[in-house]
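Q: Task: produce atomic coordinates for the following.
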Amino acid sequence: MHIDGLTQLFDLLDTLPNPVTLNALAYDDNGIAYDKIVYVNKSFIKTIGYTSEDIPDDRTWFATAYPDTDYQHYISSEWDIAVEKAKAQKTDLIGFPAKVHCKDGEERWFSVTTQLTHTIDDRYRTIVFVQTQSPSEIKLQLDEKSLDLLHEKRLLKTIIDTAPIRIFWKDQEGIYLGCNQAFLHDAGLTDESEIIGKNDYDMVWKKDAKRFREDDRRVRESGIPELSFVERQPQREGKYLMLSTSNVPLIDASGSTIGILGLYQDITKEFEAKEKLIEKDKLLLAQSRQAAMGEMLSMIAHQWRQPLSSMTAVVTTIEVQQTLGTGSMEKLTKQLKIITDQIDYLSRTITDFTNFFKKDKEKKLLQPSELVDHSLALIGKLLENNGIELDLSISCNKPFYTYVNELQHVFINLIKNAADALIEKDQKGKWIRILCKEEDGFITFQFSDNGGGIDVRWKDQVFEPYFSTKHERNGTGLGLYMSKIIIEKHLEGTLSYVNSDVGAVFTTRIQAISAI
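A: This is a model prediction of the structure:
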């Protein structure tokens, strides 16, 4: 065996809690075989006291550990008997009790075991000493063992019955073999004897018995536990509990599945609280959309003002030309074309705003630049009319799946917030920058401005509902809250913000899913 291999083995033996020696087969000058003790582990030195220098071979060990000659012969005989028995039974392990004279002068009892198969190479084997009691002490313990087991059984039953979870176990046929008190309470029973021998069709949840038994069958046949799945358990008077359930196969000593062990927690209160939170978010989303509709009307006014002005000017020109008789068919055709183009623009605007308020039913594939363009088609005129410069840097052209209208809702909120801050500040050189890039499997959109940023006093409240730094007539305080809900709960991304030297920077990260 290589030196490195032995060193690794020595390190391994030192981690074992029991005393162990590593022996190697050797021959003396007369060709007689004996065991050379190559190594003793730390537990051996601590418990028995001898080092490998004290006991270099088995001959020295026998003389040192068993100083009484008669007992030494007895141990030698027991060793030979154990070896022959192991060979007859074709087992790798042999063992027998032995009283060892330790280095501190004390005598201690051990169960001595050796591994006969030479797993390292043909020369090596390990001998393990498991500390135990003398035969008389063992007999005394056997007399007390039944009482101890009874106490342990009662203790285990107390632990199961006081555990803050429901516990039950069934056989291969789905028949209840036992349960704890919490499970009995859910079943409307008072004593464990009332449930033993029954199945789910006999219980208060009999309407769901087929589903419960199918869950059990699946775990029994696969041998794979099913952990922490949520299900509903009917109760009396039409009520029900929401459960977090785990089913695991019951395995006997031979490794065979003999039934099912089930555990569950009542999560009804947590489930109801979560449902209320979902309803609250739905209500806030509806309020946010209603507020957005009001803002959209203002945006439509911005979008339509210039086309309407253009059409009014053209109509006025036509009327003047008709009055003065200076018109011609060629001029009229060009003027009607201008009106037609403006009408088409107004029609597209109506379509854009209508689509914005449609609820997303499924994810759609589109490029990041398209998403930004759609958003700017709705809010671009607001920026233009207020002298806000727009800087776009879209370096990612990879299409990805998303809920288009929901993400567009977020983008418009972020752009509108930046625009409001810039309009309120009324400074020269106002700008909004939109950056898009792909990194680490995510598409990142960044919205920044030079509107001065958000006061550090409000940094922890920015995404709270009904919080707004705008005048009451200009904000509901739902925009950023709902934007975060949409990004993090609906789109499974992140929305965060920091202040730069000149303004606020909002960043969204969304998984770049290109196929579903």
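Q: Please make it C-alpha for all contacts and neighbour counts, starting now.
A: OK.
Q: Would you map the helices across the stretch 251-400 of the chain?
A: Along the stretch 251-400 of the chain, the segments classed as helices by DSSP state H, counting those that start in this stretch run 268-324, 329-356, 368-385.
Q: cool, and the stretch 51-200 of the chain?
A: 58-65, 69-89, 135-162, 181-186.
Q: Out of those helices, which gets the lowest mean score?
A: For the helices of the stretch 51-200 of the chain, the weakest mean pLDDT is recorded on helix 135-162, namely a mean of 61.
Q: for the strand of greatest length in the chain, packing partners?
A: Ranked by residue count and defined by DSSP state E, the top strand of the chain is strand 240-251. Judged by 3 or more Cα pairs under 8 Å, 6 or more residues apart in numbering; DSSP states H and E, strand 240-251 is in contact with helix 209-222, strand 226-234, strand 257-266, helix 268-324.
Q: Check the gap between R108 and G387 for me.
A: Remark: distance between R108 and G387 (Cα to Cα, to the nearest Å) = 94 Å.
Q: where does the stretch 1-150 of the chain have low pLDDT?
A: Scanning the stretch 1-150 of the chain for pLDDT under 70 picks out 1-5, 86-95, 115-123, 130-150.
Q: can you give me the strands in it?
A: Taking DSSP state E, counting those that start in this stretch, the strands of the stretch 1-150 of the chain run over residues 20-27, 33-40, 93-101, 107-115, 124-132.
Q: could I get those strands as TSV with distance to D501 and mean neighbour count?
A: Shown next, in TSV, are the strands of the stretch 1-150 of the chain (distance: least, Cα to Cα, whole Å; neighbours: other Cα atoms under 10 Å):
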stretch	distance to D501	mean neighbour count
strand 20-27	68	19
strand 33-40	68	19
strand 93-101	75	19
strand 107-115	73	18
strand 124-132	71	19
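Q: any idea which of the helices and strands packed on strand 240-251 is most buried?
A: strand 257-266 (a mean of 21; mean count of other Cα atoms under 10 Å).
Q: Note down every partner strand of that one and its orientation.
A: Strand pairing for strand 257-266, using DSSP bridges, gives strand 166-171 (antiparallel), strand 240-251 (antiparallel).
Q: Pick the most buried one from those.
A: For those, ranked by mean neighbour count under the definition mean count of other Cα under 10 Å, the leader is strand 166-171 at a mean of 22.
Q: Not counting its own residues, what contacts it?
A: Contact partners of strand 166-171, identified using Cα atoms under 8 Å, 6 or more residues apart in numbering, comprise 160, 176-183, 258-265.
Q: now the angle from it to helix 209-222?
A: Angle, strand 166-171 to helix 209-222, by axes from the mean of the first three to the mean of the last three Cα atoms, to 10 degrees: 70 degrees.
Q: Start the count at 33 instead of 1 going forward.
A: Sure thing, new numbering starts at 33, so read that last one as strand 198-203.
Q: starting at the chain centroid, how far to strand 198-203?
A: With Cα atoms, centre = their mean, to the nearest Å as the basis, strand 198-203 stands 27 Å off its chain's centre.
Q: Check stretch 414-427 too.
A: Offset of stretch 414-427 from its chain centre (Cα atoms, centre = their mean): 41 Å.
Q: same thing with stretch 211-229?
A: 34 Å.
Q: Just the terminal-to-terminal distance for it.
A: 12 Å.
Q: Only the buried residues of it, if you could.
A: C211, N212, Q213, A214, F215, L216, D218, A219, L221, I227 (16 or more other Cα atoms under 10 Å).
Q: ok, residues contacting that stretch?
A: With Cα under 8 Å, 6+ apart as the criterion, stretch 211-229 contacts 192-194, 196-201, 207-210, 235-236, 267.
Q: Buried only: go through those for me.
A: Neighbour counting with 16+ other Cα under 10 Å marks 192-193, 197-201, 207-210, 235-236, 267 as buried within the contacts of stretch 211-229.
Q: what's Y98 in contact with, if anything?
A: Q104, K131, V132, H133.
Q: Pairing partners for the last one in the sheet, please.
A: This points to H133. Those that pair with H133 in a beta bridge, by DSSP bridges, are E139.
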